[in-house]
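Enquirer: Prediction below, plus the sequence it came from.
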Amino acid sequence: MYREYLKGRIGALVFITGTFIRGLSSQTFTERKFVLTPDQYVILNLLLENDEIMYQRQLAEITLKDRANISRIIEILHKNGFIEKIPDSNGRKIYKLVVTDKGKKARDEIFPTDVELRKLITAGITEEELSATFHTLEKMNKNIRGKVKLQI
């Protein structure tokens, strides 16, 4: 019945798969007693993957999270010493975000689990299948991206 319901409902399948992936990530992070949540890890990882210093607005655009959610995550990371907030030179309340050594250590501790989860999620799927899925989802994203008004 479950499979029959999803047949032809790509949106439902994508949503449910995403929900399972987030659930697995949360469960794994909790079981392994990581100091970061999956959302905090994603932000920290994005900052480290981008050589240039990033701003809060850029993180919101990349992750599609609203400003309040990003602000909360950043404040927790800052309060716990994983990132530094450097005031922007224009004097407004805009900060550049830089990962501290403590943040790098936390990311390095979690990264092997990230790789392990990705392998689990993509087990039995060929590179060609993954590539086709990725390109199809990119096309779907492009088809609807401009039609959705997000509060970022």
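Expert: In hand now; what should we look at? Keep in mind the model is a prediction, meaning the values are calculated, not measured.
Enquirer: what sits against Val42?
Expert: By Cβ atoms under 8 Å, 6 or more residues apart in numbering, the residues touching Val42 are Thr63. (C-beta placed from N, C-alpha, C; glycine too.)
Enquirer: Where does it sit: helix, strand or coil?
Expert: Using DSSP: H, G, I helix; E, B strand; the rest coil, the secondary structure recorded for Val42 is helix.
Enquirer: and what of the one 3 residues further on?
Expert: Using three-state DSSP, the secondary structure recorded for Asn45 is helix.
Enquirer: That one against Arg107, yeah?
Expert: Yes. Asn45 lies in contact with Arg107 (Cβ atoms under 8 Å); the separation is 6.0 Å.
Enquirer: Those two: who's more crowded?
Expert: For Asn45 versus Arg107, neighbours defined as other Cβ atoms under 10 Å are more numerous around Arg107 (20 against 17).
Enquirer: Correct me if wrong, but that one is in a helix.
Expert: Yes. Arg107: assigned to a helix according to three-state DSSP.
Enquirer: So it versus Asn141, what's the distance?
Expert: 27 Å (Cβ to Cβ, to the nearest Å).
Enquirer: can you pull the buried residues of stretch 81-97?
Expert: Within stretch 81-97, the residues scored as buried using 16 or more other Cβ atoms under 10 Å are 82-83, 95, 97.
Enquirer: cool, stretch 64-78 as well?
Expert: Of the residues in stretch 64-78, 65, 70, 73-74, 76-78 count as buried by neighbour count, 16+ other Cβ under 10 Å.
Enquirer: Nearest to Leu59 among those?
Expert: Checking the buried residues of stretch 64-78 against Leu59 with Cβ to Cβ, the nearest one is Ile70 at 5.4 Å.
Enquirer: Touching, the closest one and Gln56? I think so.
Expert: Yes. Contact criterion Cβ under 8 Å: Ile70 and Gln56 qualify, at 5.7 Å.
Enquirer: farthest-separated two in the buried residues of stretch 64-78?
Expert: So, the buried residues of stretch 64-78 by Cβ to Cβ: farthest apart are Lys65 and His78, at 16.4 Å.
Enquirer: Strands along the protein, start to end?
Expert: Taking DSSP state E to define them, one finds strands in the chain at 54-55, 83-87, 95-99.
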